[in-house]
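Q: Build me a model from this:
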Amino acid sequence: RQRQMCIRDRSKGLDKHPRLADQVKPASGWEIAVETVLGSYLQAISVDDMASTISLMEDFTKGELLLVGNGKNKSRKGSAKGRLLSDLIEGDSAKLLVEHVFAADSLTEAVALQSQLEGSESVVTPEGIWLGASWARVARDKDATAGVLQRKQELEEIDQQLDNLGVDVIEAGFPISSPGDFKSVEEISKLVKNATVCGLTRAVEKDIEVAAQALTFAKKPRIHTGIGTSESHIKYKFNSNKDDILFRAFQAVKYAKSFVEDVEFYAEDAGRTDNEFLARVCEQAIKAGATVLNIPDTTGYCLPSEYGAKIKYLKENVKGIEKAILSCHCHNDLGLATANSIEGVINGARQIECTINGIGERAGNTALEEVVMILKQHPYLNLDTNINTKHLYGLSQLVSESMGIYTQPNKAIVGANAFAHSSGIHQDGMIKNRETYEIINPKDVGVTESAIVLTARSGRAALAYRAKNVGYELTKLQLDIVYANFLTYA
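A: A predicted model of the protein is given here:
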């Protein structure tokens, strides 16, 4: 194909922006962008900044694409504004594929141009964060777990319900990761009235700047920044050393502190990090101004006793620990996320990072509804979450329906079978006194009532109970006859 110019006179100035060039071998930062264009789209606009990208996204049509950049190539020839992709990459094997692509200097400019794109025109960024025609509408949506996208209005409804539930902090997204996450954090910041709204970052200045912008409207903003601290992360992920990690941890918190007062620091893979070094990292974060120290069991590796001991060690050995709150962030790879979080707060942590229904990366995270009810059912621990538990079931259903992910029936607290009884022995006890087989009143979590489910394991007591509920008072003789017939069907 020939490269087409097709410059049109449009009200918002698209004609002033040259098409991206038609070359393939990218310079630093552009590999993913070009691969994306080669793989599926012919059009792209190049932009450098994530800050204001979203406003015109809804005007995208099929074939249009936006990729967000990082500004690393500004020193190359030509002005930054409106430069061609040829200024940034070398080679020519892609010239038959990369067409109808515009360049803009900032995300603000790109957004202002989006509604003017037509046909197969699109946009590219150095880091390969891309938006296109049909994709643009889901780009605004926030990923909750692998393979799941949610619509903006659903996310806003969920976060409003979280605020009503009484959560203290809502981590609304990772602003620099995509325009969708940036917009989610920004919109949730406007919506939430009571909770702190938090944006996630890496220990990277640009991440922190973008998070601060996304949190502009938050009544109580928090930036959550951090870095990996385990031997494997230091060696393989960062190709670095412990001294450098200590320095970067300090600098990240210090920079975040210049934007907001409330800064949380995470020591990624803390579960597999040596306790002595982890304590040193935490001390640096506190010196830089961290208000919360997140101790993640990132891989879900720790046993509850190990995780509890780690929290206790930090509580007893980190200088200045009284200036910060220790936080539990546990993954469920071995099914221990909830147990580890509870062990963490027993040993001194005072924040649990959790999700509705335990959704999250890989096998998921600590389930909010589980830790809330565990602490409520064990008041002697003197650990109160202040959560309105009557909203738990409804919010669980909302999240499940919104994500299109079926909650397993035997899921604790909110599963369909959590208050359903099918064993005859259990049913007999339930009918006589609910507390024989239920430690939680279903109404406490928003479930109307317990269920007696008739199965082949049900006895006469359960059958008589159900018959009475639908208006039939059976005599003993009648019950014997009905029960015999019932077993043939059950």
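Q: now the strands: where do they sit in the stretch 101-250 of the chain?
A: Listed in chain order, the strands of the stretch 101-250 of the chain (DSSP state E, counting those that start in this stretch) span 101-102, 122-123, 129-132, 169-173, 196-200, 221-228.
Q: looking at those, which one has the lowest mean pLDDT?
A: Lowest mean pLDDT within the strands of the stretch 101-250 of the chain: strand 129-132, at a mean of 34.
Q: Identify the residues contacting the host helix or strand of residue 488?
A: If you go by DSSP states H and E, residue 488 is part of helix 476-489. Contacts with helix 476-489, where a contact means C-beta atoms under 8 Å, 6 or more residues apart in numbering, come from 454, 456, 460, 463, 464, 467, 474. (C-beta placed from N, C-alpha, C; glycine too.)
Q: hmm, 6 Å instead?
A: With C-beta atoms under 6 Å, 6 or more residues apart in numbering as the test, helix 476-489 has contacts from 460, 463, 464.
Q: can you count the residues close to the residue nearest to residue 240 when sequence neighbours are not counted?
A: Closest residue to residue 240 apart from its sequence neighbours, by C-beta to C-beta, 6 or more residues apart in numbering: residue 234 at 5.5 Å. By other C-beta atoms under 10 Å, 20 other residues sit near residue 234.
Q: Same check on residue 190?
A: Residue 190, neighbours per other C-beta under 10 Å, totals 13.
Q: And the pLDDT for the residue lying closest to it once chain neighbours are set aside?
A: Using C-beta to C-beta, 6+ apart and skipping the chain neighbours, the partner closest in space to residue 190 is residue 217 (4.6 Å). At residue 217, the pLDDT value in this model is 96.
Q: buried sites along the helix holding residue 488?
A: By neighbour count on 16 or more other C-beta atoms under 10 Å, the buried set for helix 476-489 is 479, 482, 483, 486.
Q: which residues sit against stretch 453-463?
A: For stretch 453-463, contacts defined as C-beta under 6 Å, 6+ apart pick out 420, 422-424, 427-428, 431, 452, 466, 479, 483, 486, 490.
Q: measure that stretch end to end?
A: One end of stretch 453-463 sits 9 Å from the other (C-alpha to C-alpha, to the nearest Å).
Q: tell me which residues in it are buried?
A: 454, 458, 460, 461, 462, 463.
Q: from these, which is closest to residue 201?
A: Using C-beta to C-beta, residue 454 is the member of the buried residues of stretch 453-463 that sits closest to residue 201, with 53.7 Å.
Q: Could you verify that that closest one is part of a helix?
A: No - counting by DSSP: H, G, I helix; E, B strand; the rest coil, residue 454 is not found in a helix; it is coil.
Q: just to revisit the earlier point, dump the contacts of helix 476-489 to JSON lines, plus pLDDT and distance to residue 303.
A: As requested, the contacts of helix 476-489 are exported to JSON lines (pLDDT from 0 to 100; distance: C-beta to C-beta, whole Å):
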{"residue": "460", "pLDDT": "89", "distance to residue 303": "45"}
{"residue": "463", "pLDDT": "90", "distance to residue 303": "45"}
{"residue": "464", "pLDDT": "91", "distance to residue 303": "47"}
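Q: Among these, which lie within helices?
A: 460, 463, 464 (DSSP state H).
Q: how far away is the last one from residue 470?
A: For residue 464, the distance to residue 470 (C-beta to C-beta, to the nearest Å) stands at 11 Å.
Q: In terms of neighbours, single out the busier of the two.
A: Neighbour count, other C-beta under 10 Å: between residue 464 and residue 470, residue 464 has more, with 20 against 6.
Q: List the residues that contact the more buried one.
A: Residue 464 sits in contact with 474, 479, where contact means C-beta under 6 Å, 6+ apart.
Q: Start at 40, not 1
A: With 40 as the first residue, the last one maps to residue 503.
Q: Tell me how far it lies from residue 220.
A: Residue 503 sits 56 Å away from residue 220, going by C-beta to C-beta.
Q: Next: residue 376.
A: Going from residue 376 to residue 220 by C-beta to C-beta gives 23 Å.
Q: Would you mind measuring from residue 208 to residue 481?
A: For residue 208, the distance to residue 481 equals 28 Å [C-beta to C-beta].
Q: What count of nearby residues applies to residue 250?
A: Neighbour tally, residue 250, other C-beta under 10 Å: 30.
Q: do the same with residue 287
A: Residue 287: 19 neighbours (other C-beta under 10 Å).
Q: hang on, isn't residue 347 packed against residue 384?
A: No - counting by C-beta atoms under 6 Å, residue 384 is not a contact partner of residue 347; they are 9.2 Å apart.
Q: wait, isn't residue 204 in contact with residue 430?
A: Yes - at 5.0 Å, residue 204 counts as touching residue 430 under the criterion of C-beta under 6 Å.
Q: Between these two, point out the one with more neighbours.
A: residue 204 (23 against 18).
Q: can you tell me how far the more buried one sits from residue 411?
A: Residue 204 sits 9 Å away from residue 411, going by C-beta to C-beta.
Q: tell me, what's touching those two both at once?
A: residue 426.
Q: so where's the stretch 140-289 of the chain shaky on pLDDT?
A: Across the stretch 140-289 of the chain, the ranges flagged by pLDDT under 70 are 140-191.
Q: Now for the protein: which helix has the highest residue count?
A: Looking across the chain with DSSP H, the single longest helix is helix 281-296.
Q: CA atoms of that helix as PDB?
A: Extracted as PDB, the C-alpha positions of helix 281-296 are listed here (Å, rounded to 0.1, in the frame of the first residue of the first chain):
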ATOM      1  CA  LYS A 281      20.400  -3.300  48.200                       C
ATOM      2  CA  ASP A 282      21.900   0.200  48.600                       C
ATOM      3  CA  ASP A 283      20.300   1.400  45.400                       C
ATOM      4  CA  ILE A 284      16.900   0.000  46.500                       C
ATOM      5  CA  LEU A 285      17.200   1.900  49.800                       C
ATOM      6  CA  PHE A 286      18.000   5.100  47.900                       C
ATOM      7  CA  ARG A 287      15.200   4.600  45.400                       C
ATOM      8  CA  ALA A 288      12.700   3.800  48.200                       C
ATOM      9  CA  PHE A 289      13.600   7.000  50.000                       C
ATOM     10  CA  GLN A 290      13.500   9.200  46.900                       C
ATOM     11  CA  ALA A 291      10.100   7.800  45.700                       C
ATOM     12  CA  VAL A 292       8.500   8.600  49.000                       C
ATOM     13  CA  LYS A 293      10.100  12.000  49.300                       C
ATOM     14  CA  TYR A 294       8.900  12.900  45.800                       C
ATOM     15  CA  ALA A 295       5.400  11.600  46.400                       C
ATOM     16  CA  LYS A 296       5.400  13.600  49.700                       C
END
